[in-house]
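J.: with the input below, show me the fold.
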Amino acid sequence: MSIAFILAALALAGGFAAAMIAPLRRDPTGAGGTERAVASTLSARLGDIDRARAAGLLDDAAADEATLAAQRAALAAAGDAPGRPAAGWRAAAVAFAAVAPILVGAMYFQVGEPGYRAGAAPAATPGPASPGGIASLPPAERQAAIEGMVDALAARLEAEPTDAEGWRMLARSQAALGRLDAAIDSQRRLLALVEGDLGDWKNFAAALATSRPDVQFPADPEFLNALDEIEARAPGDPLVLFYRGGAALNAGDPATAVAIWNDLRASLPDDAPIRGVLDALIADAAADGTSATDGE
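T.: Below is the predicted model of the structure:
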């Protein structure tokens, strides 16, 4: 089970979007929950597209294209049988990756183009630099256009390093494009300027965890501090409870880990895709606790 899927499942349970493509990195050999996870992810993506359309950030053709890509990705993902390699999940990742740049590009025109301060009005003349223009480009050109916008914003911020909103937008864009190391650095630059809101700290924690897929429960001070900041703003947040349980397990206290994870499980909807992950963790931690007791 990948770190990225866990973060996405917790995000869905807690009502925030940790990353655009993270749910698609789920280990498909896990038990149960695939259909619900796909449905939840599809619903969130369609909501993003509808909001972008309503705000005028995507024209009808671009929104229809994004919707079709999302639906195809969901069908491909749901079609995989548990217990075997999932080509559909790889296809889904490609399809959702095509949607992400459209929405990242739209964000620039909502907040401000990279050549201007955040909030500046974009050019009124439609063309390749407009949301609809970018969305209508062939996939390779569209990806290059979005990456060029992100790179241009990064260059501007080096000259204007006190633009907190610019760093926030850059960090989110880099994360959506899979540039996790760069996103983490941009988050650091943002949080050096402002205290950060709940979303900022959740995005930071998610990027830190996702950037280290080989570590199930990160324990470095920067990650733990991010959890503290989230907890201060949202006591009982699912992301915090999940990793607090992991910290207890790492500290050799499986009983506390089980207690924390049971509290988290009780707070989740019945169809939350993270439930299966929690059940397995709780069972393993309980077994560890029993083994430790028997060995005394």
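J.: so where's the chain shaky on pLDDT?
T.: For the chain, residues meeting the criterion pLDDT under 70 lie at 1-42, 44-45, 48-49, 51-59, 61-63, 65-66, 69-137, 289-296.
J.: and the helices in it?
T.: Ranges of helices in the chain, per DSSP state H, are 3-14, 34-54, 60-78, 87-111, 131-135, 139-159, 164-176, 180-193, 198-210, 221-233, 238-250, 254-267, 275-294.
J.: burial count for Asp181?
T.: Neighbours of Asp181 under the rule other C-beta atoms under 10 Å: 10. For glycine as for every other residue, the C-beta is placed from the backbone atoms N, C-alpha and C.
J.: and the closest residue to it other than its chain neighbours, what does it touch?
T.: Leaving aside its sequence neighbours, Asp181 sits nearest to Ser211 (C-beta to C-beta, 6 or more residues apart in numbering; 6.4 Å). Neighbouring residues of Ser211 by C-beta atoms under 8 Å, 6 or more residues apart in numbering: Leu180, Asp181, Ile184.
J.: pick the one among those residues closest to Ala248.
T.: Ile184 (25.4 Å; C-beta to C-beta).
J.: what is the neighbour count of the closest one?
T.: Ile184 has 20 neighbouring residues, counting by other C-beta under 10 Å.
J.: which ones are touching the nearest residue to Asp163 once chain neighbours are set aside?
T.: Spatially, and ignoring its direct neighbours in sequence, Asp163 is nearest to Leu157 (6.0 Å; C-beta to C-beta, 6+ apart). Contact analysis of Leu157 by C-beta under 8 Å, 6+ apart lists Asp163, Gly166, Trp167, Leu170, Ser186, Arg189.
J.: verify the stated contact: the second one with Ala155.
T.: No: with contact defined as C-beta atoms under 8 Å, Gly166 does not count as touching Ala155 (11.1 Å).
J.: those two: who's more crowded?
T.: Taking other C-beta under 10 Å, Gly166 and Ala155 do not tie; Gly166 has more neighbours (24 against 10).
J.: how close does the residue nearest to Asp163 sit to Ala176?
T.: Distance of Leu157 to Ala176, given as C-beta to C-beta, to the nearest Å: 17 Å.
J.: how about Gly196?
T.: Distance of Gly196 to Ala176, given as C-beta to C-beta: 19 Å.
J.: how about Asp253?
T.: According to C-beta to C-beta, Asp253 and Ala176 sit 37 Å apart.
J.: isn't Glu147 up against Arg179?
T.: No: using C-beta under 8 Å, Glu147 is not in contact with Arg179; the gap is 9.0 Å.
J.: neighbour-wise, which of these two wins?
T.: Taking neighbours as other C-beta under 10 Å, Glu147 and Arg179 compare with Arg179 leading, 19 against 15.
J.: OK, contacts around the more buried one?
T.: By C-beta under 8 Å, 6+ apart, the contact set of Arg179 is Val150.
J.: ok, it to Glu195 distance?
T.: From Arg179 over to Glu195 (counting by C-beta to C-beta), the distance is 25 Å.
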